[in-house]
Each structure stands twice: as C-alpha cells, then as structure tokens.
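K.L.:
no sequence on this one, just coordinates:
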C-alpha cells in the first residue's frame, strides 16, 4: 500500500511522438523541454494529439480526475519525431534516441510508434541495424527503452521487436489481450501487456480524448518504470 506515495518525483520520461501539448492543464507542470526533429527547432508542440495523449497517460495531473496519469509528478522531455499526420522518418527517430540517451536526467525513452512491417520472430535486431544500434546505445547509457508492440496481431512492429526494448501490448478492462494488439515471439521474449483500450487523456488545446492502442499501453509501462526508479533510483535497466 505504500506504493500510492510514489508519483514519479525526480524522474523524467522522454516521449518520442508527435510532440507534447505543453500548454495543456494536465501537462504544463511536467514539461521538461524538448526538441522538434520534424521541423528542426526547439518547439515540440503537438500538432496531432497523439503525443499529448501518451504524455498524459504518464503524467496527467488529474485536473480532470479521469485523466490522471501513472506518474503525475514525473517530467516529460518531448522529442517530436512524427508529423501532424502521425508519420515520421527512421532517421529522425534515431537522432531523437541519441538525443534522449545523452540527456542525463532521462530514465525512460517511451516510443508509441512503429513500422508497418511486423515480425513474428523473437527479435528483429538486424532489420534496421542503425535503429538497433541507437537503442542499444541508450540502454548502455542507463535508459529503459519502451516501445509499442503495434496494432497488428500478425506480429510485433519495429522498434518493439528489438531485443533490448520492453515491448508493450494492450489489454482491456477485463485484462484480456485486445484484438488489435501485436503478438508473437518478441512479446514472449521481451514483452509485457498493459491497459490500452479506451484510455482517457489530454489532447490538443485544452481538450481530452479517449483512445485505444498499444500506443496507450506503452506509456502505462513507461510511467510505472518512473515510479520504480523513484522508489529505487539504483535499479539497472535489466532489473
């Protein structure tokens, strides 16, 4: 029961996504800066909504009680790697991983994104070698890398399928695996599941939205790791 006293204080999660709406009432207190890799500037404002929804699942303050995040006191470092339409380049994602890995305050790198290609095998480390190298660099620098399993049940998308990543699938309110959730040997090898169906969180402007996907389950895990790191800052990535 002591667990309720942990809110993520002093921990930082790097969210690599469509940006973060750092003006949102749920998110403003947690914004720890960021970078826009799509438009090459230092303003990662979210022009889509997805990244803000993800960030709110981690750190929503609970202005709207139903939108309170897993770790409301955790900081969010925002790396905008996806455009207003929600698409992005592997090269920008790689650049953002190195950027987050080199930030000493970051504990977790959270990526609710993935390739359309999916993999049934236990890992896809050789598929995009530069992406695997970047993630291994982040892990070597003490960052837990968490990524969505993807919303195609035929396999697990990249980077979720990379062996040094915590891949995250989605379950519903009855703890049943969502029909859309990525699955395969990579999940058995290095995956977990978390709530990812009909989650309510921050969006653009001062609005809120309900959304489903392994994108929503991923920040549940990232926020939980922030709580674990607050309780025991000496935890290694593998722990």
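P.N.:
Done, it's in. Since the model is a prediction, treat every value here as computed from it, not as a measurement. Numbering: from 1, shown residues only.

K.L.:
C-alpha only now, for contacts and for neighbours.
P.N.:
Noted.

K.L.:
Show me how far the helix ranked longest in the chain is from its chain's centre.
P.N.:
Using DSSP state H, we find that the single longest helix of the chain is helix 214-231. Its chain's C-alpha centre and that of helix 214-231 lie 8 Å apart, by CA atoms, centre = their mean, to the nearest Å.

K.L.:
Just the buried residues of that helix, please?
P.N.:
Applying a neighbour-count criterion of 16 or more other CA atoms under 10 Å, one finds 214-231 buried in helix 214-231.

K.L.:
list the helices and strands that helix packs on?
P.N.:
strand 12-17, helix 50-59, strand 106-111, strand 144-148, strand 166-171, strand 191-195 (3 or more CA pairs under 8 Å, 6 or more residues apart in numbering; DSSP states H and E).

K.L.:
Most tightly packed of the ones you listed?
P.N.:
The highest average neighbour count among the helices and strands packed on helix 214-231, using mean count of other CA atoms under 10 Å, belongs to helix 50-59 at a mean of 32.

K.L.:
So what touches that one?
P.N.:
With contact meaning CA atoms under 8 Å, 6 or more residues apart in numbering, helix 50-59 is reached by 15-21, 26-27, 30, 46, 67-76, 86, 112, 200-204, 208-209, 215-216, 219-220, 222-223.

K.L.:
Only the buried subset of those, as a ChimeraX command please.
P.N.:
Buried subset of the contacts of helix 50-59, written as a ChimeraX selection, criterion 16+ other CA under 10 Å:
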select :15,16,17,18,19,20,21,26,27,30,46,67,68,69,70,71,72,73,74,75,76,112,200,201,202,203,204,208,209,215,216,219,220,222,223
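
K.L.:
Over to residue 209. Which of the three states is it?
P.N.:
Classification of residue 209 using DSSP: H, G, I helix; E, B strand; the rest coil returns strand.
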